[in-house]
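*Asks:* need a 3D model of the following:
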Amino acid sequence: MSTLVSYATVGLAEDVSSTIASIAPTSVPFTSSIKTEKVSARSFSWLEDTIRSAGVNALVEGADASTTAIGQPTERSNNTQIIGEAFKVAATVDAVQTHGRAKETAYALAKTLKALKLDQERAYVGVDQAAVGGGASTARKMASASQMISTTVDAGANATDALTEAKVLDLHQTCYTNGSDPSILMVKPADSSIIAGFATAANRQRDFGSDKTLTNAIEVLVTPFGTLRCQINRNLLSTHAFMYDPAMFKQCVLRNYTRTLLAKNGDADTHFVVGEVSLKHSNFSDSGMITGLS
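*Replies:* Sure, this is the predicted structure:
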């Protein structure tokens, strides 16, 4: 055979895309929804207060003044949690040419920072974690959001453990009665499908007209007690749904995430990325959560 074909050709140039595709879930909806506050100690405190309920208030003419006991604020606290990870890159790796990134160290650093943000999101809303003071041999841990919300509705109270519209309304009403104004309903992926079904409940119609796009999602839920933006979160506790006001939560930072180059002991560099953060809920009676979900 005299025809040269590609299978017999020596030295063909390789074709590798200049981009790297990743499907790793890197969104952190809860962390992204709240603002940041600087703290200056590994254990920090704040005060929350309330006023008495409304009552009958009618005085006769010339009545003597009566006094009411002055309630005192409640002190709350949380601990900062150290979140970090190290990676090691041989010197040769940054010297050779690679596809999809200029330097392996920079690429590894970006991936590490995204992973640590996921760990932080999980510490906030992905676990039901009590605060741990820590010690010389025990890691310090923050209290998660579930530990700082006192308003709850149990999904299993009526022999069911699924999210229902009735439970959402029950919790929203309780929050409203308490005086809070939640604006986000955060749920796990499976529960977002349940919420989509609210629109097709009995006696409800959706007019799609001539639109060729079928939409089966509820992004905004309006109840008699206000408007809620429905937010899906892959990192959320599977047993919980959170109804909260982002203005009442703060991401507390003792140390921002920084990279430290550790002592060199050979032909490689070890990078340690670490930060120290926590969570603050300004008033435990604000916001709410549905528990006992499956």
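*Asks:* and the gap between A166 and T80?
*Replies:* 39 Å (C-beta to C-beta, to the nearest Å). (Each C-beta comes from the backbone N, C-alpha and C, glycine too.)
*Asks:* give me the more crowded residue out of these two.
*Replies:* T80 (23 against 11; other C-beta atoms under 10 Å).
*Asks:* could you list the low-confidence segments of the stretch 51-200 of the chain?
*Replies:* 98-102, 157-160 (pLDDT under 70).
*Asks:* would you say T112 is within a helix?
*Replies:* Yes. Counting by DSSP: H, G, I helix; E, B strand; the rest coil, T112 is found in a helix.
*Asks:* name the nearest residue to it, sequence neighbours excluded.
*Replies:* V273 (5.1 Å; C-beta to C-beta, 6 or more residues apart in numbering).
*Asks:* give me phi/psi at the nearest residue to V168 once chain neighbours are set aside?
*Replies:* Sequence neighbours aside, L185 is the residue nearest to V168 in space, at 6.8 Å (criterion: C-beta to C-beta, 6+ apart). Note on L185: its backbone torsions stand at phi -110, psi 110 [degrees, to the nearest 10].
*Asks:* how many residues are close by L185?
*Replies:* 27.
*Asks:* and it, what does it touch?
*Replies:* By C-beta atoms under 8 Å, 6 or more residues apart in numbering, the contact list for L185 reads 168, 195, 221, 228-231, 241-243.
*Asks:* L228 too?
*Replies:* 168, 172, 182-185, 220-222, 243.
*Asks:* before we move on, what about S33?
*Replies:* 184, 231, 246, 249.
*Asks:* check D267 too.
*Replies:* 90-92.
*Asks:* which single one of these is nearest to L118?
*Replies:* A90 (26.3 Å; C-beta to C-beta).
*Asks:* so the closest one bridges to which residues?
*Replies:* Each beta-bridge partner of A90 is listed here, defined by DSSP bridges: A268.
*Asks:* number of nearby residues for it?
*Replies:* Neighbour number of A90 under other C-beta under 10 Å is 13.
*Asks:* likewise for D245?
*Replies:* 20.
*Asks:* OK, contacts around it?
*Replies:* 180-184, 286-287.
*Asks:* how close does the residue lying closest to it once chain neighbours are set aside get to Q120?
*Replies:* Counting by C-beta to C-beta, 6+ apart, P182 is the residue found nearest to D245 once chain neighbours are left out, at 5.0 Å. According to C-beta to C-beta, P182 and Q120 sit 22 Å apart.
*Asks:* isn't M289 up against H281?
*Replies:* No. With contact defined as C-beta atoms under 8 Å, M289 does not reach H281; the gap is 11.2 Å.
*Asks:* shared neighbours, these two?
*Replies:* Counting by C-beta under 8 Å, 6+ apart, the residues touching both M289 and H281 are 145, 149.
*Asks:* between the two ends of stretch 281-294, how far is it?
*Replies:* 26 Å (C-alpha to C-alpha, to the nearest Å).
*Asks:* which SS class is the closest residue to G126 other than its chain neighbours?
*Replies:* Spatial nearest neighbour of G126, excluding adjacent residues (C-beta to C-beta, 6+ apart): N235 at 4.4 Å. Of the three states, N235 takes coil under three-state DSSP.
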